[in-house]
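Chemist: no sequence on this one, just coordinates:
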Ligand code: SER
């Protein structure tokens, strides 16, 4: 029986054999479409190839694409675990032609793979075609010999595939497998088509049109092919199963879950194991592609899936975090086909473990509250919106988790009530924020925003503009004017000054009215207002005046060079370290940049060098930086789900920079970096000048921080290094090129010399030791005062002295530049009645030291004054005399 891994390979090998380039899966967060929440089919990465906007060096491609359908328009989350074929994560196998072959080849290729390589009996297959597509019907008849009743014409959109409201589209033909009359269901198009007997296994789309937002459609210049076959479905079929979760791959994850919870994979917890197996895949792959759990956007979809799985683990009785322990089982199954899983394994495990540990603190109590609430409700009644909101707000239960928990009990939630409770909380939060003492300063911006409306930002296009002074705030209160020497905040109806956000610091510059001048030192934002921190330097500034606004050009240039370099750095890190690299924070100041990103370990010297080289290469290529702007409405029309809950402001800005080919060099028309960003950027990458990576440090668990310089700052830094090198070379009397060798030789020489000096000191310390031993109180006592022997060398010398006296006590005092290091020893035969600790303490005390410690046969101490060493010897002699 072929495994899912075998089937994936058979598919890709078949199309590779037929002239297709095997293209790796693109990341789950689409790089070429900021409006799509997650990649949800194989054609997403190729969408511009169909319209002709992008060309690649191949015209036939095949891929196994990782897909997630959760949280957006295509949302299968609710059904996962309860049905045979719903997944939040699945793989789509596909073959693609970009203006190369069309139907007359796509259909025979599909038929050959299914009936020869996959060996599916021909009489179990039937197809649908778009009702007007005689051509496709004829090809099927000719190639597969299918009778007319097994080529079903469908007049609906089921057989006209569209990527979304806009984009490439065309009629399609779908291939169905008949599981036989043991299972209820009718053929496609029949009244019973929703039954489980006839299962769609492959969709071949004949891309030939492009749909536009105004409803019009054009014929594309070229005719293309886009096919999609779910690996889990074809896997179930080829493994003789009816349920995708019975395939080898899914089964192994289910068994890992059962094993880790010591439960029966097919027992009462069956659904829980299925949900966990599915959610383990989607969460791990999302984290590997840089998504982190958060409270909005993609991160919240991830968090919802994670928490949902965690409740199911809880239902299985798992006492400890479970999900992260299943990651190795997933990596074993899928790591070979998707190496990003291996690379990000530590990050996936850490993220799951942290989220699980945190959520467990409230999960138990939340579920108890849910039970209590249900206990008070009449039979079958829906849970109140308020209770669901409390679970959300206090216990971190996403609404769908509560719905999922209720589903098991045949109950629902009053979702309108939930929405109302949410709206009420937002209103309250705003009211209390505006009124609270600690934010009194900020509350004024609420009021002002209501009064004057938001500031229009002009600074994407210009650094000089005029605006009208709408408000002046001095000491937290509105003022009508400000005079020379005053520090105030100024709001205008429009401004070219960038207000700090998205890691980019605010602009500085100059403001001039007919009566006065002010220096702008910083610009921030609140409630849509741009707030200029200003020091009035001359005359008077008055509300209602027109003002000339001049951004400090050099400073802005330096800031945006850093910002553009941050985008390049982000991409270079991803390409060097893997797709799990995601921005976690940044700072773009005039003099430096800082970039925080998800990654568990420090970068190696090679990785740092590779990242630095790649960023500099993009700078030298001097590619264009292009910003495209869409209103949220336009973006919503394109596929709004990406914007839901994400805070992008009034416009969505998509910044793309640089071009690359597969090796990162040259140019084949592909964009190097593409990010949603509200910041300002250089026009061409050459303006960044130079990039120097200064440091890579740990910022917090799983997050690294890189600091770097660009432009003049980077050059100044490098010049300083060169200057220092020249100084060192002069000192060493060597050419700069020989400095490393010369320094290494010096270090080695120094090591050898200091060993020699230490040896000499020891020898000097020990010379003549025999003669100086005295008999005091019946004990042979030997003392030595030496110069410059360090404390750590004393014990070895004490041992030697002890060997020389044979039986007795020894004291060694070393003058280490004024201070004293002391050690005393007592031979083993005398330790019963005499302790080296006592001796060394007495000696140290005589030298102004306190304490000392060790064992009866050897003890050490330090003291501040070595000049009275003779007194210390006498103090020990006094002890020995008793
Ligand atoms: N794009 C089509 C689908 O998703 C075929 O790949 O079904």
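Modeler: Structure received. Fair warning: this is a prediction, and the values are worked out from it, not measured in the lab. Numbers count the residues shown, from 1 in each chain.

Chemist: what's the local residue count around residue 425?
Modeler: 13 (other CB atoms under 10 Å). Bear in mind the C-beta positions are built from the backbone N, C-alpha and C, glycine included.

Chemist: an error on my part: the question was meant for residue 76.
Modeler: 18.

Chemist: that one against residue 82, yeah?
Modeler: No. The criterion here is CB atoms under 8 Å, and residue 76 misses it with residue 82 at 10.8 Å.

Chemist: which one of the residues in the stretch 201-350 of the chain is closest to the ligand?
Modeler: residue 228 (2.5 Å; CB to the nearest ligand atom).

Chemist: so that residue: helix, strand or coil?
Modeler: What DSSP: H, G, I helix; E, B strand; the rest coil gives for residue 228 is strand.

Chemist: beta-bridge partners for it, please?
Modeler: Here residue 228 sits in beta bridges with residue 203, going by DSSP bridges.

Chemist: give me the pLDDT for it.
Modeler: Residue 228 carries a pLDDT score of 97 in this model.

Chemist: check contacts around it.
Modeler: By CB atoms under 8 Å, 6 or more residues apart in numbering, residue 228 lies in contact with 41-43, 92-94, 202-203, 205.

Chemist: then residue 615?
Modeler: Residue 615 touches 565, 568-569, 572, 691, 693, counting by CB under 8 Å, 6+ apart.

Chemist: need the max-distance pair from the residues you listed.
Modeler: 568 and 693 (11.4 Å; CB to CB).

Chemist: more neighbours, the two?
Modeler: Between residue 568 and residue 693, residue 568 has the larger neighbour count (other CB under 10 Å), namely 25 against 21.

Chemist: leaving out chain neighbours, which residue sits closest to the more buried one?
Modeler: Counting by CB to CB, 6 or more residues apart in numbering, residue 568 lies nearest to residue 615, which is 4.6 Å off, once chain neighbours are set aside.

Chemist: contacts only, for residue 809.
Modeler: 779-782, 824-827, 830, 834, 836, 839, 876, 880.

Chemist: most surrounded residue in those residues?
Modeler: Among the contacts of residue 809, the one with the most neighbours (other CB under 10 Å) is residue 824, at 33 neighbours.

Chemist: within the sheet, what are the partner strands of the helix or strand hosting residue 534, with directions?
Modeler: Using DSSP states H and E, residue 534 maps to strand 529-542. Strands adjacent to strand 529-542 in the sheet, as given by DSSP bridges, are strand 481-483 (antiparallel), strand 487-492 (antiparallel), strand 516-526 (antiparallel).

Chemist: mind listing what's buried in it?
Modeler: Buried residues in strand 529-542, counted by 16 or more other CB atoms under 10 Å: 529-534, 536, 539-542.

Chemist: mind checking if stretch 129-143 is in reach of the ligand?
Modeler: No. Judged by CB under 6 Å from any ligand atom, stretch 129-143 stays clear of the ligand, getting no closer than 13.8 Å.

Chemist: could you check how far that stretch is from the centre of its chain?
Modeler: 47 Å (CA atoms, centre = their mean, to the nearest Å).

Chemist: what mean pLDDT does that stretch get?
Modeler: For stretch 129-143, the per-residue pLDDT averages 96.

Chemist: which members of the contacts of residue 228 occur in strands, if any?
Modeler: 92-94, 202-203, 205 (DSSP state E).

Chemist: among those, which are in reach of the ligand?
Modeler: Restricting these to those near the ligand by CB under 6 Å from any ligand atom leaves 94, 203, 205.

Chemist: for those residues, which one is nearest residue 754?
Modeler: Distances from residue 754 to these, taken by CB to CB, are shortest for residue 94, at 68.6 Å.

Chemist: in the stretch 751-882 of the chain, which residue sits nearest the ligand?
Modeler: Across the stretch 751-882 of the chain, no residue is closer to the ligand than residue 751, which sits at 67.0 Å (CB to the nearest ligand atom).

Chemist: look up phi and psi at that residue.
Modeler: With angles defined as degrees, to the nearest 10, residue 751 sits at phi -60, psi -40.

Chemist: per-residue pLDDT, it?
Modeler: Looking at residue 751, the pLDDT reads 95.

Chemist: now do residue 630
Modeler: Looking at residue 630, the pLDDT reads 57.

Chemist: please shift the residue numbers so they start at 5 in all later answers.
Modeler: Okay, residue one is now 5; in that scheme the one you just asked about reads as residue 634.

Chemist: residues from the stretch 455-604 of the chain in reach of the ligand?
Modeler: Counting by CB under 6 Å from any ligand atom, the stretch 455-604 of the chain has no residue next to the ligand.

Chemist: pick out the residue of the stretch 455-604 of the chain closest to the ligand.
Modeler: Among residues of the stretch 455-604 of the chain, the one nearest the ligand by CB to the nearest ligand atom turns out to be residue 583. It sits 21.9 Å away.

Chemist: so that residue belongs to a strand, correct?
Modeler: No. Counting by three-state DSSP, residue 583 falls outside a strand, being coil.
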